[in-house]
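[1] Make a model of this:
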Amino acid sequence: MAAAVAGVQDGSEAIAQLRFEQLARTHGYGEHAVVETYHDRVREAVEAAVDEAPRRLVHRRLAEQLEGVAGTPAERLAEHYAAAGLSGRAADHASRAAEHALRALAFDRAAESYAWAASLLPPDDARRAELEVQRAGALASAGRGAESARAYLRGARGVDVALGLELRRRAAEQLLASGHIDEGLEVVQPVLAHVGLALAPTPRRALLSWLGGRARLRLRLGGLSPSARRASDARAALGIDVCWTLTLGLNAVDMVRSADFATRGLIAALDAGDRARAGRALGYEAAISAFLGDRARALVVLGQLEALAGEDDYLRAQVQLVSGVIEAFTLGRWATALEHYRRAQALFDEKVPGAVRERATLALLTSWSLYYRGELGELARRTAAQEAAARARGDVYGEAILSNAAAWVRLAADDAAGAEDEVRARRAAWTARGFHLQHYQWLLASTHVDRYLGAGRRALARWHESWTPLVGSQLLRTRSNALVAHYERGTSAVQALGQGQAEAREIALGDARFIERAAVGWALPFVGLIRGGVAQIDGDAARARRELEAAARGFEAADMGLYAASVRLVLARAAASTGEPAAVAVQAAAAQAVAAYGVRAPARWAAMVSGL
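    The predicted structure follows:
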């Protein structure tokens with residue numbers, strides 16, 4: 001090959017002379033022998049002495065020779081053809097290199113190769129747009145949503161209207177999935193207009209649209225055969241897909257608008273007989289039913305999703321994710337939920353590249369189950385890894401959604417200042433419009449920090465300031481959100497009451513009544529926790545003990561061991577206030593039980609949990 005590239009008739013004689021002069025060396029024998037320069041400085045000196053025209057010729061001959069050798073990396077061929085000035089052929093091989101990287105799931109490398117291929121072509125070459133779209137897909141699979149969106153938008157220039165709209169939809173999906181909410185909503189507007197849809201102007205209007213859609217859906221579910229395939233009408237398919245873009249993009253941000261589009265998209269997919277599109281929307285419908293507290297409906301819809309899933313890896317992952325939501329938020333079976341989440345994670349990791357928003361939502365759900373079970377070490381490990389990955393790919397949503405988890409990890413390490421800084425930084429990076437689930441997460445995290453520091457009055461003031469926008473956001477329509485809001489406000493009110501804020505008593509007792517009326521097993525221990533706290537502050541030691549002991553037993557039954565240990569520490573601390581040596585020993589043991597979960601300052605953690 002070296003002889004052919006050099007244009008030498010007798011390669012053996014030439015190589016022998018080069019070896020004698022210590023300009024080259026060889027390895028191996030026969031047809032497998034390899035020749036290389038004796039030293040890099042020899043190669044550099046010769047290369048510097050070769051003019052441009054012969055240099056290009058050598059690169060061309062090398063590329064043509066290597067092209068006939070099986071297994072030659074496409075990148076190597078692209079490099080030689082590019083150096084030979086044959087940019088079109090170089091672009092073809094760079095594109096092949098990208099395809100090989102995609103098959104190996106090396107999405108970042110694929111994106112780089114697609115970018116390289118596009119850069120080798122003239123600015124007016126139509127293939128550049130196609131390569132930008134392929135690069136955008138690779139970036140999306142790598143989880144780099146904002147970069148993917150930019151590439152999709154570049155690819156949308158100069159293409160036909162239908163393809164341009166689809167590429168704008170994909171760009172919006174990537175922007176929304178990575179937390180660039182305002183920009184994503186702006187990009188998607190022309191697509192919505194084309195298919196005759198619009199964002200509801202207010203959460204209340206979205207709620208009315210959603211409720212109307214759910215009423216129609218109850219009459220419509222059950223009419224899709226597992227053998228159905230895909231919508232045949234391009235405009236109908238785009239309409240279903242843009243509904244899914246907003247369902248996924250606004251999920252865990254603006255839940256009511258997200259649910260509204262989920263219902264619209266599901267009805268359209270069922271009407272079109274589109275199995276895959278109906279399946280992904282059924283997953284959302286089952287999850288939202290669970291969050292609303294309607295376990296029976298959630299199980300019915302989950303059954304329909306399972307029937308459609310078949311061998312579809314994405315839908316199979318959705319089945320596991322939704323199963324976890326049902327187990328966690330309707331029954332409080334945190335360990336079972338974590339097992340479903342683990343299976344969903346494995347499917348997403350091994351079978352479904354990309355799925356950035358689904359992975360982030362899964363991380364959020366997993367963090368709550370780990371927190372309730374007191375698995376703080378695992379929570380810290382997962383949160384650090386997920387945050388680092390989100391930061392590396394510019395995923396604002398992926399970082400923001402773990403605000404609570406990050407705060408819990410910091411507080412367990414007795415780093416309240418760090419927890420405050422975490423919340424402040426994440427809030428500054430988020431959109432200022434509306435009141436989203438992220439704002440609710442920051443409210444929860446901030447009041448956790450307040451109670452940890454014993455600033456109950458400040459914690460209750462935060463709830464007072466945020467309650468109207470929180471209610472207006474419709475987030476409390478989901479039962480799980482409402483329960484958390486009431487027990488967190490209730491425990492903040494207990495601490496504020498202990499600091500002399502008399503009106504906090506009725507707030508605390510009102511929150512306890514709300515939780516009691518909801519009658520959700522895993523949340524009922526918070527009733528005793530709040531009422532016991534009020535009784536203790538009122539000086540009714542006997543009632544406080546009864547209520548708090550009932551709360552501790554309830555938390556143990558609900559597999560919320562750290563909560564139970566924290567309440568028992570509060571009880572032991574009250575008993576030890578008498579100064580009896582036995583009671584003091586019990587308090588030390590109770591503190592040790594809390595510390596065993598990975599809590600560095602047990603008394604402060606117990607104050608955060610109980611307000612006492």
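
[2] Okay, buried residues for stretch 52-66 please.
    Neighbour counts over stretch 52-66 (16 or more other C-beta atoms under 10 Å) mark 56, 58-64, 66 as buried. Every C-beta, even on glycine, is put in place using the N, C-alpha and C of the backbone.

[3] from the residues you listed, which ones fall inside helices?
    56, 58-64, 66 (DSSP state H).

[4] CA atoms of stretch 556-574 as PDB?
    C-alpha atoms of stretch 556-574 as PDB (Å, rounded to 0.1, in the frame of the first residue of the first chain):
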ATOM      1  CA  GLU A 556     -43.500   2.800  61.200                       C
ATOM      2  CA  ALA A 557     -46.500   1.100  59.600                       C
ATOM      3  CA  ALA A 558     -46.200   3.300  56.600                       C
ATOM      4  CA  ASP A 559     -42.500   2.400  56.200                       C
ATOM      5  CA  MET A 560     -41.400   5.900  57.100                       C
ATOM      6  CA  GLY A 561     -38.800   4.900  59.600                       C
ATOM      7  CA  LEU A 562     -36.900   8.200  59.800                       C
ATOM      8  CA  TYR A 563     -40.100  10.100  60.500                       C
ATOM      9  CA  ALA A 564     -40.900   7.600  63.200                       C
ATOM     10  CA  ALA A 565     -37.500   7.900  64.700                       C
ATOM     11  CA  SER A 566     -37.700  11.700  64.600                       C
ATOM     12  CA  VAL A 567     -41.100  11.700  66.400                       C
ATOM     13  CA  ARG A 568     -39.700   9.300  69.100                       C
ATOM     14  CA  LEU A 569     -36.800  11.700  69.600                       C
ATOM     15  CA  VAL A 570     -39.300  14.500  70.200                       C
ATOM     16  CA  LEU A 571     -41.100  12.300  72.800                       C
ATOM     17  CA  ALA A 572     -37.800  11.400  74.500                       C
ATOM     18  CA  ARG A 573     -36.700  15.000  74.600                       C
ATOM     19  CA  ALA A 574     -40.000  16.000  76.300                       C
END
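
[5] tell me how far that stretch is from the chain's mean position?
    32 Å (C-alpha atoms, centre = their mean, to the nearest Å).

[6] Ranking helices and strands of the chain by mean pLDDT, which lands last?
    helix 396-400 (a mean of 78; mean pLDDT, DSSP states H and E).

[7] what packs against it?
    In terms of contacts (3 or more C-beta pairs under 8 Å, 6 or more residues apart in numbering; DSSP states H and E), helix 396-400 is packed against helix 356-373, helix 376-392.

[8] Looking at the ones in helices among the buried residues of stretch 52-66, spot the one nearest residue 268.
    Closest approach to residue 268 among these (C-beta to C-beta): residue 63, at 50.8 Å.

[9] Would you mind confirming that that closest one is in contact with residue 82?
    No: between residue 63 and residue 82 there is no contact under C-beta atoms under 8 Å: 9.2 Å.

[10] Give me the nearest residue to the residue most central in space within the chain, chain neighbours excluded.
    Nearest to the mean C-alpha position of the chain, by C-alpha atoms, centre = their mean, lies residue 360 at 1.3 Å. Spatial nearest neighbour of residue 360, chain neighbours left out: residue 398 (4.7 Å); criterion: C-beta to C-beta, 6 or more residues apart in numbering.

[11] What number of residues are in the vicinity of the one you found?
    27 (other C-beta atoms under 10 Å).

[12] Then residue 319?
    Residue 319 has 25 neighbours, counted by other C-beta under 10 Å.

[13] That one and residue 275, how far apart?
    Applying C-beta to C-beta, to the nearest Å, the value for residue 319 to residue 275 is 14 Å.

[14] Repeat that for residue 208.
    From residue 208 to residue 275 the distance is 30 Å (C-beta to C-beta).

[15] Is it correct that residue 299 falls within a strand?
    No: in this structure, residue 299 is helix, not part of a strand, as judged by DSSP: H, G, I helix; E, B strand; the rest coil.

[16] Let me know the pLDDT of it.
    Looking at residue 299, its pLDDT reads 93.

[17] isn't it right up against residue 326?
    Yes: using C-beta under 8 Å, residue 299 is in contact with residue 326, at 6.8 Å.

[18] Quickly list what's touching both of the two.
    The overlap between the contact sets of residue 299 and residue 326 (C-beta atoms under 8 Å, 6 or more residues apart in numbering) consists of residue 286.

[19] Compare the two and say which is more crowded by neighbours.
    Between residue 299 and residue 326, counting by other C-beta under 10 Å, residue 326 is the more crowded of the two (23 against 16).

[20] Next up, the contacts around the nearest residue to residue 390 once chain neighbours are set aside.
    Leaving aside its chain neighbours, residue 390 sits nearest to residue 398 (3.0 Å; criterion: C-beta to C-beta, 6+ apart). Contact analysis of residue 398 by C-beta under 8 Å, 6+ apart lists 178-179, 356, 359-360, 363, 386-387, 389-390.

[21] With residue 306 instead?
    residue 319.

[22] where's it relative to residue 117, distance?
    Residue 306 is 42 Å from residue 117, by C-beta to C-beta.

[23] now do residue 497
    From residue 497 to residue 117 the distance is 67 Å (C-beta to C-beta).

[24] just residue 58 next, same as before
    23 Å.

[25] before we move on, what about residue 171?
    Applying C-beta to C-beta to residue 171 and residue 117 gives a distance of 20 Å.

[26] again with residue 414
    Distance from residue 414 to residue 117, by C-beta to C-beta: 53 Å.

[27] For the residue nearest to residue 390, give its distance to residue 180.
    12 Å.

[28] As a check, name the ranges of all strands in the protein.
    For the chain, applying DSSP state E gives strands covering 24-27, 34-37.

[29] Give me the below-cutoff pLDDT ranges for this protein.
    Filtered on pLDDT under 70, the chain yields the residue ranges 220-232, 252, 429, 431-433.

[30] 50 instead?
    Within the chain, the stretches with pLDDT under 50 are 225-228.
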